[in-house]
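Colleague: requesting a structural model of the entry that follows:
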Amino acid sequence: MPLYEYRCKHCGSEFECLMLSPNEPEPACPCCCKEGVEKLMSAGSIRPQGIPTGAGGFKPPACAPTGG
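Modeller: Residues are numbered from 1 along each chain as shown. Predicted coordinates:
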């Protein structure tokens, strides 16, 4: 479920909204309750280093062996 960032065209407030369906109408501003918002460009999510385990977590990267 994507989380989108919006800015109100009336009061300038910025807020986030979880959109459950791509067919949902754009939300009203939670500050002034007016419709008329613009979707903002936001950075993508950052994936931590490591290998996905498939269970929602990540394994830390394996350390290279050190000679001795």
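Colleague: and Pro25, how far is that from Cys33?
Modeller: Here the criterion is Cβ to Cβ, to the nearest Å. By it, Pro25 lies 15 Å from Cys33. Where you see a C-beta, it was placed from the backbone N, CA and C, and this is true even at glycine.
Colleague: compare the two (neighbour count), which wins?
Modeller: Cys33 (10 against 7; other Cβ atoms under 10 Å).
Colleague: and that one, which helix or strand is it part of?
Modeller: Using DSSP states H and E, no element contains Cys33; it sits outside every helix and strand.
Colleague: i'd like the first residue to be 18 from this point on
Modeller: Sure, I'll start numbering at 18, so the last one becomes Cys50.
Colleague: how far away is it from Ser38?
Modeller: 22 Å.
Colleague: buried ones in stretch 36-46?
Modeller: Neighbour-count burial for stretch 36-46 flags 44, 46 (criterion: 16 or more other Cβ atoms under 10 Å).
Colleague: got the contact list for it?
Modeller: 18-21, 23, 25, 27-28, 30, 32, 34, 51-54, 56 (Cβ atoms under 8 Å, 6 or more residues apart in numbering).
Colleague: mind giving me the PyMOL command for buried ones among these?
Modeller: Of the contacts of stretch 36-46, the buried ones go into a single PyMOL selection, burial set by 16+ other Cβ under 10 Å:
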select buried, resi 23+25+34+54
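Colleague: pick out the lowest-pLDDT one from the contacts of stretch 36-46.
Modeller: In terms of pLDDT, the least confident member of those is Met18, at 62.
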